[in-house]
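Colleague: the sequence isn't on hand, but the structure is:
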């Protein structure tokens, strides 16, 4: 499938598409990326985010339409902020399938999603807050206060 026909001809998506095609062609060999890597790459490509820097904090804004706060997990692993979760089908969809209802078009993405952000050295990983409102997740990471400038040390010169 040519992804340029779909209007997604960015270098990142082109490389991701190339990796996915390679894994389909070489399923029996051990060369190339693992399934977990490909799964994570798909999840990261499908989760756009904005990052803002304020004087006292960093703010990460991620669209999460239709998700409840229980479906979203925000973690810090060492100095990496990880936002992940899963969007599931609605419960009534299983009942609809039993009644013979079929999708004509399915564009809303379901499945796992993930984003990883390497935090700067001045990020305070002990002061992180996350709020999900109207389908938008906002994660705020406070900055550490700047280090105080070192005062020059004065050494008295003794007369010998």
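Modeller: Everything's here; your move. Owing to the predicted nature of the structure, the values given are computational and were not obtained by experimental measurement. Numbers count the residues shown, from 1 in each chain.
Colleague: where does pLDDT dip in this protein?
Modeller: 1-31, 37, 39-46, 90-97, 108-109 (pLDDT under 70).
Colleague: what segments of it are strands?
Modeller: 49-53, 57-63, 72-77, 80-87, 111-118, 123-133, 136-143 (DSSP state E).
Colleague: who wins for proximity to residue 34 among those?
Modeller: strand 111-118 (15.3 Å; Cβ to Cβ). Glycine gets a C-beta too; all of them are placed from N, C-alpha and C.
Colleague: may I see the buried residues of that closest one?
Modeller: 112-115, 117 (16 or more other Cβ atoms under 10 Å).
Colleague: which of those sit farthest apart?
Modeller: Among the buried residues of strand 111-118, 112 and 117 lie farthest apart (Cβ to Cβ), at 17.3 Å.
Colleague: contacts only, for the residue lying closest to residue 82 once chain neighbours are set aside.
Modeller: The spatially closest residue to residue 82, leaving aside those adjacent along the chain, is residue 75, at 4.7 Å (Cβ to Cβ, 6 or more residues apart in numbering). Counting by Cβ atoms under 8 Å, 6 or more residues apart in numbering, residue 75 makes contact with 81-82, 84.
Colleague: buried ones only from those, please, as a PyMOL command.
Modeller: With 16+ other Cβ under 10 Å as the criterion, this PyMOL line picks the buried residues out of the contacts of residue 75:
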select buried, resi 81+84
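Colleague: tell me the one of the contacts of residue 75 nearest residue 160?
Modeller: Among those, residue 81 lies closest to residue 160 (Cβ to Cβ), at 58.7 Å.
Colleague: that closest one pairs with what?
Modeller: When assigned by DSSP bridges, residue 81 has beta-bridge partners residue 76, residue 117.
Colleague: that one and residue 73 touch, don't they?
Modeller: No - Residue 81 is beyond contact range of residue 73, at 11.5 Å (criterion: Cβ atoms under 8 Å).
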